[in-house]
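Student: Can you look at this prediction? I've put the sequence above it.
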Amino acid sequence: MPASYAYLGPEGTFTEVALRTLPEAATRELVPYVSVQSALDAVRAGEAEAAFVPIENSVEGGITTTLDELVAGEPLTIYREVLLSITFALLVRPGTKLTDIKTVSAHPAAQPQVRNWLRKHLPDAVWESAASNADAARLVQEGRYDAAFAGEFAAARYGLQALETGIHDAENAQTRFVLVGRPARPAAPTGADKTSVVLWQRDDHPGALRDLLGEFATRGINLMLLQSRPTGAGIGNYCFCIDAEGHVSDRRMAEALMGLKRICLQVRFLGSYPRADITPAEARPTPPGTSDEEFMAAADWVTRCEDGRF
Ligand SMILES: O=C(O)C(=O)Cc1ccccc1
């Protein structure tokens with residue numbers, strides 16, 4: 001198994017900064033790829049042990065390229081997640097003034113995070129999407145665009161200057177990144193875990209989504225992300241990406257997944273992994289009636305009923 005992690009590059013992305021916070025990254029070769037797709041394909045092809053990519057931000061929600069890759073194609077599993085607070089710097093070639101800027105570039109997920117700043121300071125600048133924020137910085141260095149929104153740390157790497165720093169429309173904007181690998185046994189539960197799944201409903205009927213969500217609700221499972229993605233089969237056809245609190249080895253989660261498996265057309269398990277937002281000590285208490293012990297005692301009781309020992 002190659003000891004390398006692929007990540008959304010080039011060097012100097014927020015993705016790289018987030019990846020370096022994982023202790024296991026210190027023992028791996030970190031290899032930049034030009035896109036989320038190519039980083040994930042490197043894992044599928046066996047070129048990399050895992051890939052590290054952005055998946056969600058607190059301003060705009062899911063990063064659709066990543067979600068769509070996990071929804072379709074050869075199955076992959078989320079091993080870990082990292083949260084990173086994001087503020088942008090406006091990077092320019094040395095000497096550029098604000099009034100010189102006609103084109104600005106960044107990853108599409110950056111745009112909703114700097115929209116108001118742009119409207120106020122550069123209302124006439126043309127937005128050009130780049131494969132990542134660091135790629136935008138590289139394109140500014142090459143002279144293709146006048147300015148890039150990227151991490152301030154990317155300036156030195158690309159010979160640029162930060163004309164402005166601390167740019168963010170929303171306070172405390174965070175981006176969530178995931179380490180994704182080939183399907184493998186999930187890490188043991190920590191007491192503060194998350195389970196990600198994709199659900200395809202069997203048929204269209206009133207309350208279809210409520211039926212899916214009910215499998216979690218009746219077992220006391222809190223949801224952390226619900227994002228619909230088009231299946232590609234026409235207007236109105238969606239699958240649902242869901243993050244739920246808990247681990248597949250928790251009885252209530254296992255039972256919820258069994259319920260979904262029975263009523264859905266398809267369920268794709270994307271992994272159970274430790275939550276980055278809280279520690280196990282901060283995890284919400286298990287709602288009454290949904291602990292492993294209570295599920296097991298109930299199963300025991302049914303067995304005794306079947307045996308006539310109630
Ligand atoms: O990692 C990067 O630099 C990216 O381009 C992805 C991204 C986009 C917006 C905010 C954080 C990360």
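Tutor: Arrived safely.

Student: what residues does the stretch 51-200 of the chain put near the ligand?
Tutor: 54, 57, 86, 107, 109-110, 132-134, 175 (Cβ under 6 Å from any ligand atom). Any C-beta I mention is one placed from the backbone N, CA and C, and that applies to glycine too.

Student: among the residues you listed, which are in strands?
Tutor: 54, 57, 175 (DSSP state E).

Student: tell me, how many neighbours does the last one end up with?
Tutor: Same thing as Thr175. For Thr175, the count of nearby residues is 23 (other Cβ atoms under 10 Å).

Student: show me the contacts for it.
Tutor: Contact partners of Thr175, counting by Cβ atoms under 8 Å, 6 or more residues apart in numbering, are 14, 18, 54, 56-58, 83-84, 86, 109.

Student: Look up how far Leu225 lies from the residue most central in space within the chain.
Tutor: Most central in the chain under Cα atoms, centre = their mean is Ile55, positioned 2.3 Å from the mean C-alpha point. Between Ile55 and Leu225 the distance, using Cβ to Cβ, to the nearest Å, works out to 9 Å.

Student: How about Trp117?
Tutor: Taken as Cβ to Cβ, the span from Trp117 to Leu225 is 27 Å.

Student: of all the residues of the stretch 51-200 of the chain next to the ligand, which two lie farthest apart?
Tutor: Based on Cβ to Cβ, the longest span within those runs between Asn57 and Ala134 and measures 16.4 Å.

Student: More neighbours: these two, which one.
Tutor: Per other Cβ under 10 Å, whichever of Asn57 and Ala134 has more neighbours is Ala134, with 29 against 22.

Student: where does the more buried one land on pLDDT?
Tutor: The per-residue pLDDT reported for Ala134 equals 98.

Student: who's Ala147 bridged to?
Tutor: Under DSSP bridges, the beta-bridge partners of Ala147 are Val92, Val104.

Student: Assess the claim that it and Leu91 are in contact.
Tutor: Yes - using Cβ atoms under 8 Å, Ala147 is in contact with Leu91, at 6.5 Å.

Student: For those two, work out which one has more neighbours and name it.
Tutor: Leu91 (33 against 27).

Student: Cool, thanks, signing off.
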